[in-house]
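A.B. asks: Have a look; sequence and predicted model below, questions after that.
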Amino acid sequence: MKGWMGKLRAFCLLGLTALVLSACGKENLTALDPKGYGADQSFNLIILSTVVMLFVLAVVMIVYTIVLIRYRKKKGREDYIPKQVEGNKTLETIWTIIPIILLLIIAVPTITATFDLADESAASDSLNVEVTGNQYWWHFNYEGQEVQTSQDLYIPVGEKVYLNMMSSDVIHSFWVPTIAGKMDVNPENENVMYIEAQDEGVYWGKCAEFCGPSHSLMDFKVVAVSQEEFDQWVDDMQNVDAEEEPADAVAQEGQSLFEENNCMSCHAIGSSPAQIGPNLTNFGDRSQLAGVEDLTKENLVDWIMDPEAIKPGNKMTGQYPDVSEDEASKIAEYLMQLQPSDVTPESADN
Ligand code: HEC
Ligand SMILES: [Cu+2]
C-alpha cells in the first residue's frame, strides 16, 4: 500500500511539474516557434531526434507489452519453463544495424547543420558586430560604423549579421532562442556566430551560462527592423552629440549631477569605446532598464539609489557617491531624455 502511495505521489509531482513548466515558453523567447535561420535549423533537429526517439520508445514498449502478456505466470502452468534459447544471429544483427541506421539519420543532418551554422565565408561582406559579455549586461560595437550600444542589439531583418563575441570577465553564453542558436562567450578567444531574423520584431535574449549572482537577470533584446529603419538608426546614433545640453532645467541639473557623481567614469554617451558600464547613448529608447525592469522613472530612481536591490552582485554598486532621491530623480530625468532615434523596440514591435 505504501509503495503504491509513493508512486501516486511521484506521478502527481511529475504532472504538476509538466504543467508548471509548460507555461515557461514566452513568445519571442522560445526555441519552439522559430523566426530565424539558426533557430529553424535547431528546431528541425529537435523534431527529427524527437521522432526517432519516440519510434524507439514505441517499439520497445510494444515488445515489452507482448512479452509481459505472453510469458506471464499462468494458472495451472506454474512450473512451466519456456524453451531456453542462447544467442540468435539474425536478432543480434538486426538490433545492431537498426540503431546504427537511426544514429545516422540523426547524425548526418546534425553535422551538416553544425558546419552550415559555423560558416564564416560571408562574414567580410556582412554587418559585423563585436559583442562583449559582461557581468550582467551585453555590449555591442558595430564594426567600422562608430556606433556603440548596450542591452539592445539592432539588426536589419533578413540579413546575416556576424557576431564576433568575447567576454570581459567570466564565461557567458549568448542565446536568442527564437532566431538563433547558443554560443559560449569566452574571455580568451573570440567565438563567431551569425544570426538572421525572418520577421521584424523584438526577440528576447538570455545569458545561458551561469556567470554569477545576477546571471538569471542578464537579459537583452535583439531588435530586428527593416533595412531603411536600420540605416536610419545608425545615422541617428552617429549624430549624437554627447555634450549637448538638454532643453529643460531639471534635465540640465541631472546632466551636471551625472558628471559630478562619477557616473561618467563608467558610462559613455556617444561612440566612445569606454565600457565598464552600459553605453547610454540611446538609453531613453530602451524598453527595459538594466535588461530586466520596465524603463520607468520610478524604477530608474530606485536603480540609481540602490542597484544592488535589483541586480545583486552588479559592478555599479558602491562605485559612486550616495545620491539623494531628489538628485537621482534629476539624473533620471536627464537619462530618460537620451532618445536619439525614432527606431526603437516599441516601433519594431508592431
Ligand atoms: C564602476 C562603474 C559604474 C559607475 C561609477 C556607475 N555605473 Fe551605472 N552601471 C555600471 C554597470 C556595470 C552597470 C550594469 C549593471 C548590470 O546590469 O549588471 C550599470 C548600469 C546602469 C544603468 C542601466 C543601464 C541600462 O542600459 O539599462 C544606469 C541607468 C546607470 N548604470 C546609471 C548610473 C548613474 C546615474 C551613475 C552615477 C550616479 C552610475 N551609473 C555610476 C557601472 C557603473
Ligand atoms: Cu552571463
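C.D. replies: Thanks, I have it. Ligands and ions are numbered 1, 2, ... in the order given.
A.B. asks: give me the element whichever residue of the stretch 251-350 of the chain sits closest to ligand 2 is part of.
C.D. replies: For the stretch 251-350 of the chain and ligand 2, the shortest gap (C-beta to the ion) falls at Gly291, measuring 10.7 Å. In short, each C-beta sits where N, CA and C put it, glycine included. Assigned by DSSP states H and E, Gly291 falls within no helix or strand.
A.B. asks: Ligand 1 versus that one, what's the distance?
C.D. replies: For Gly291, the distance to ligand 1 (C-beta to the nearest ligand atom, to the nearest Å) stands at 6 Å.
A.B. asks: How many residues are close by the residue lying closest to that residue once chain neighbours are set aside?
C.D. replies: Excluding the flanking residues, the one nearest Gly291 by C-beta to C-beta, 6 or more residues apart in numbering is Asp219, at 4.1 Å. Asp219: 18 surrounding residues under other C-beta atoms under 10 Å.
A.B. asks: Report the contact partners of Asp219.
C.D. replies: By C-beta atoms under 8 Å, 6 or more residues apart in numbering, the contact list for Asp219 reads 204-207, 288, 291-292.
A.B. asks: give me every residue that touches the residue of the stretch 51-200 of the chain found nearest ligand 1.
C.D. replies: Across the stretch 51-200 of the chain, no residue is closer to ligand 1 than Tyr136, which sits at 3.0 Å (C-beta to the nearest ligand atom). When contacts are counted by C-beta under 8 Å, 6+ apart, Tyr136 touches 207, 211-212, 214-215, 217-218, 290-291, 311, 313-315.
A.B. asks: Ligand 2 contacts on the stretch 51-200 of the chain?
C.D. replies: Residues of the stretch 51-200 of the chain that fall close to ligand 2, judged by C-beta under 5 Å from the ion: His172.
A.B. asks: how about 6 Å then?
C.D. replies: 133, 172 (C-beta under 6 Å from the ion).
A.B. asks: Output the below-cut-off pLDDT ranges for the stretch 51-200 of the chain.
C.D. replies: Within the stretch 51-200 of the chain, no range satisfies pLDDT under 70.
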